[in-house]
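Enquirer: sequence and predicted structure below; questions after.
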Amino acid sequence: MSKVCEITGKKAMVGNNVSHSKRRTKRKFDVNLFYKNFYLPEEKRWVKLRVSASGLRLINKIGVQAAIKRAQDNGLLSTKL
């Protein structure tokens, strides 16, 4: 499974390791991902999502139902969750 946040769509970035002598080698900046269970009271069930730390902050801010709706509108989550 790819390392992508299901709420925000964040994925790994590519950059450079820079040594003291300024030699550059490629490296990857991974996303801070978690598997979290969220309860949907409207549907009376639990949903397991793979979210980033910023995705958790977004869920805390606008609510899990609104965050899932926004992710579905953006094409990040399937409509049948």
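Expert: That came through, no problem.

Enquirer: what stretches of the protein score poorly on pLDDT?
Expert: 1, 80-81 (pLDDT under 70).

Enquirer: you'd agree residue 21 is in a helix?
Expert: No - counting by DSSP: H, G, I helix; E, B strand; the rest coil, one finds residue 21 to be coil, located in no helix.

Enquirer: what is the distance between stretch 48-66 and the centre of its chain?
Expert: 8 Å (CA atoms, centre = their mean, to the nearest Å).

Enquirer: got the contact list for it?
Expert: Applying CB atoms under 8 Å, 6 or more residues apart in numbering, the contact partners of stretch 48-66 are 1, 4-8, 10, 31-40, 42, 47, 67, 70. The C-beta positions use only the backbone N, C-alpha and C, and glycine is treated the same way.

Enquirer: do stretch 72-81 as well
Expert: 6, 7, 8, 9, 47, 68, 71.

Enquirer: what of stretch 27-44?
Expert: Against stretch 27-44 from outside (CB under 8 Å, 6+ apart): 3-5, 10-17, 45-53, 56, 59, 64-65, 68.

Enquirer: of the residues you listed, select the buried ones using a ChimeraX command.
Expert: Entered in ChimeraX, the line below selects the buried ones among these, by 16 or more other CB atoms under 10 Å:
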select :5,10,49,50,51,52,56,59,64,68
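
Enquirer: touching, residue 67 and residue 7? I think so.
Expert: Yes - Residue 67 lies in contact with residue 7 (CB atoms under 8 Å); the separation is 5.3 Å.

Enquirer: among the contacts of stretch 48-66, which are in strands?
Expert: Among the contacts of stretch 48-66, the members found in strands (DSSP state E) are 33, 34, 35, 36, 37, 38, 39, 40, 47.
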